[in-house]
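J.: Attaching a predicted model along with its sequence, questions to come.
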Amino acid sequence: MKRTIMTVWLCLVAVALWSATVRIGVLLPLKEQTERGETMVEFYRGLLMAVEQVKQEGTSVEVTAVDCGSSETALREALRNPALAQCQAIFGPVDAVQVTTLSEFCREHRIRMVLPFNTPCPQVYSNPWIYQVGVAQELLYPQITSLVTSTLKGANFVFFHSGERDERGKAFTTHLAQVLRLKNLSVKELNAGADEFACDMALNQYKQNVIIPDSRSQAAATKLLATMKGYAASHPQYRISLLGFPEWVSYTGTLLRDFYKMDTYVFATYYRNPLSGRVAKFEQQYKANFGRASQVSYPRAEMFGYDLGYYFLHGYALLGIDFDEAQSSLQLQPIQHSFRFHRVGDGGGFVNQHVQLVHYTPNRTIETIR
């Protein structure tokens, strides 16, 4: 009898956690009449679509959205809204000058501060209530190199010098080359305009050859493709793949066929698969809800808003007060963005460390590798 009562009580607690109202705040420059302002609005619209989805799943949600401008004064004025102090999470801000003020507010009221964009936030190392979603690529180097080496085991890595000045591109390839050499993996170099003999010296007939440019530009990608397609055509016995930067995702409008042909991998923190039925359905629903398609951007702001909103809303509805410690167990199917939050520092918050490889295969399919 006691066991039955306990079981019923636990079930009631679970239902209460699921059906309890989840309150979120949004503090973004929603009224800003700029391209950035439009991006904020689209992000917010995607977040609202996540709210509707979670409501359909049986959870009550309350949203308090306030335009917070771009100054500290405007943010302090926005925080006078009493509903914000009752939230489980606040999405924002965008501007660095507002981070300290909102960080202190969220610490005081024990609210998760979700920083969606690449806003500098040193407070994440000392404030346990902060979730930093967008981080500089340099901070993800360990995750990227680990994924590359585990996926492309035993390959011959060839670094292609494009002749362009791209400091960020060169910083990554320099780091990757150092890691590969420390692992005693095969590392070679090849210059733009290299002749057949130079390619013979750099490539290995008995291994997969992974060619990596030192520039993120489309011009560099096109230059690399021209060199390697020509060599592959006259040397079909060689296995050749390319490894590109996140920017390559935006080049698929003109280079997709070549990406397929050259067995191309792209490392990225997000990916919108244009062949996905879920993506098409989401885009149709967005247009039906708001009377227009979203602007073309990389990433798509409305999909980002949806994925991030659903992660926190569904996660909190499911996990309740255990969200922080249990959120890594969430198994979700994103439209564009996945998340892998890890706590940083002693008493710090969480940083998103998710990276993936987008693989354009020779049989004209697209897969993601995590």
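T.: That came through, no problem.
J.: What values do phi and psi take at residue 239?
T.: phi -100, psi 110 (degrees, to the nearest 10).
J.: who touches it in this structure?
T.: 207-209, 263 (CB atoms under 8 Å, 6 or more residues apart in numbering). Yep, even glycine has a C-beta here, placed from its N, CA and C like the rest.
J.: Quick check on the residues you listed: which are buried?
T.: 208-209, 263 (16 or more other CB atoms under 10 Å).
J.: Switch the residues you listed over to CSV; also include secondary structure and distance to residue 368.
T.: Output for the buried ones among the contacts of residue 239, formatted as CSV (DSSP: H, G, I helix; E, B strand; the rest coil; distance: CB to CB, whole Å):
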residue, secondary structure, distance to residue 368
208, strand, 19
209, strand, 23
263, coil, 15
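J.: Next, please give the residue ranges for the helices of the protein.
T.: Taking DSSP state H as the criterion, the chain carries its helices at 2-19, 35-56, 72-78, 99-109, 141-151, 167-182, 196-202, 218-234, 252-261, 277-290, 301-319, 323-326.
J.: Deepest-packed of the ones you listed, please.
T.: helix 301-319 (a mean of 24; mean count of other CB atoms under 10 Å).
J.: so that one versus helix 35-56, what angle?
T.: 40 degrees (axes from the mean of the first three to the mean of the last three CA atoms, to 10 degrees).
J.: Packing partners of helix 301-319?
T.: Here helix 301-319 is seen to pack against helix 2-19, strand 22-28, helix 35-56, strand 89-91, strand 112-115, helix 277-290, helix 323-326 when contacts are counted using 3 or more CB pairs under 8 Å, 6 or more residues apart in numbering; DSSP states H and E.
J.: Now do the first one, average pLDDT.
T.: Read it as helix 2-19. On average, the pLDDT along helix 2-19 is 40.
J.: ditto for the shortest one
T.: Confidence over strand 89-91, taken as the mean pLDDT, stands at 98.
J.: What pairs with it, parallel or antiparallel?
T.: In the sheet, strand 89-91 lines up against strand 22-28 (parallel), strand 112-115 (parallel) (DSSP bridges).
J.: how about those in TSV, adding mean neighbour count, distance to residue 321 and mean pLDDT?
T.: Formatted as TSV, these follow (neighbours: other CB atoms under 10 Å; distance: least, CB to CB, whole Å; pLDDT from 0 to 100):
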stretch	mean neighbour count	distance to residue 321	mean pLDDT
strand 22-28	25	12	97
strand 112-115	25	12	98
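J.: Just the pLDDT at the closest residue to residue 219 other than its chain neighbours, thanks.
T.: Spatially, and ignoring its direct neighbours in sequence, residue 219 is nearest to residue 164 (7.1 Å; CB to CB, 6 or more residues apart in numbering). pLDDT recorded at residue 164 is 95.
J.: What does residue 164 show for phi and psi?
T.: According to degrees, to the nearest 10, residue 164 has phi -90, psi 160.
J.: Quick check: the gap between it and residue 136.
T.: 21 Å (CB to CB, to the nearest Å).
J.: out of these two, which sits in the more crowded spot?
T.: residue 164 (16 against 10; other CB atoms under 10 Å).
J.: isn't that one right up against residue 220?
T.: Yes. With contact taken as CB atoms under 8 Å, residue 164 and residue 220 are classed as touching, separated by 5.5 Å.
J.: between the two, what contacts are shared?
T.: Joint contacts of residue 164 and residue 220 (CB under 8 Å, 6+ apart) are residue 214.
J.: and residue 357, what is it in contact with?
T.: 147-148, 151, 265-268, 368-370.
J.: Can you tell me which of the residues you listed lies closest to residue 104?
T.: residue 268 (33.6 Å; CB to CB).
J.: Would you confirm that that closest one contacts residue 355?
T.: Yes. Contact between residue 268 and residue 355 holds when scored by CB under 8 Å: they sit 7.3 Å apart.
J.: okay, these two: which has more neighbours?
T.: Comparing residue 268 with residue 355 by other CB under 10 Å, the one with more neighbours is residue 355, at 24 against 21.
J.: Thought residue 145 was touching that one, still the case?
T.: No. Applying CB under 8 Å as the test, residue 355 and residue 145 come out as separate, 9.8 Å apart.
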